[in-house]
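Trainee: Let's see this in three dimensions:
(2 chains)
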Amino acid sequence: KAGVTQTPRYLIKTRGQQVTLSCSPISGHRSVSWYQQTPGQGLQFLFEYFSETQRNKGNFPGRFSGRQFSNSRSEMNVSTLELGDSALYLCASSLGPGQGSNYGYTFGSGTRLTVV
Amino acid sequence: GEDVEQSLFLSVREGDSSVINCTYTDSSSTYLYWYKQEPGAGLQLLTYIFSNMDMKQDQRLTVLLNKKDKHLSLRIADTQTGDSAIYFCAESFNAGNNRKLIWGLGTSLAVNP
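Mentor: Next up is the predicted model:
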């Protein structure tokens, strides 16, 4: 079955602009999580969506937002881009967020965002 | 707060065993995971272990969990150049009705021919 698809793969934006990234999970997976990956900070959790509802949120400013559609596809949006937002943004899908579950996450290849 | 720590670099010779170590702080973790990230790619789940287990073996991979010391290790037998990648340790624990994952910074494994 198809893996997690993230689009676009690469993006260059200027400071102050906004950007929307897309993630299509594995068919049947209803949970989508977003991470920011930078060399210095590692993987930082942004948020997790399940059944179109945000279930978990990391410690990022309100400029970072997301949503999930009825087909489980998810988008994340970053407004008023800053240089420090340059990172690899990874999406991961899972069967569900279930408490105590062993549901592993399947990651997409990421979107490399460069803010200039 | 919750934290997961890993050494940043490991270098081994092809054919040797690699051991990547990880320590975590939250004693209520339910599952612990090892992920692999190759250059330009996302993270790939290698294996996971439930917190009430001590060991799990899967082909060339052996996971050891010392719950008392909160120490997790991943041993790769007969390491190959294709194993060169960054390896992430993550712990999962329940936070209210949700599951929370905490990630290490990753260990960069270099395999020398």
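
Trainee: Sketch out the low-pLDDT regions of chain B for me.
Mentor: For chain B, the stretches with pLDDT under 70 are B:1, B:95-98.

Trainee: near chain A, which residues of it?
Mentor: Contact residues, chain B versus chain A (C-beta under 8 Å from any C-beta of the partner chain): B:30-31, B:33, B:35, B:40-45, B:48, B:50, B:88, B:92, B:94-95, B:97-101, B:103-106. All C-beta atoms are positioned from the backbone trio N, CA, C, and that covers glycine.

Trainee: A:Q6 and A:S109 touch, don't they?
Mentor: Yes. Counting by C-beta atoms under 8 Å, A:Q6 touches A:S109, with 6.2 Å between them.

Trainee: For residue 67, the count of nearby residues, please.
Mentor: Since no chain was named, I'll use chain A. Here the count is done by other C-beta atoms under 10 Å in any protein chain shown, and A:R67 has 15 residues near it.

Trainee: that's the other chain; I wanted chain B
Mentor: For B:K67, the count of nearby residues is 15 (other C-beta under 10 Å).

Trainee: And for B:W34?
Mentor: 24.

Trainee: swap in A:I26?
Mentor: 17.

Trainee: residues contacting it?
Mentor: With contacts defined as C-beta atoms under 8 Å, 6 or more residues apart in numbering or on different chains, A:I26 is in contact with A:K1, A:A2, A:G3, A:V4, A:S93, A:T106.

Trainee: Filter those down to the ones in strands?
Mentor: A:S93, A:T106 (DSSP state E).

Trainee: Most neighbours among the contacts of A:I26, please name it.
Mentor: Busiest of the contacts of A:I26 [other C-beta under 10 Å] is A:S93, holding 26 neighbours.

Trainee: Enumerate every residue touching that one.
Mentor: A:V4, A:C23, A:P25, A:I26, A:H29, A:S31, A:V32, A:S33, A:S72, A:Y105, A:T106.
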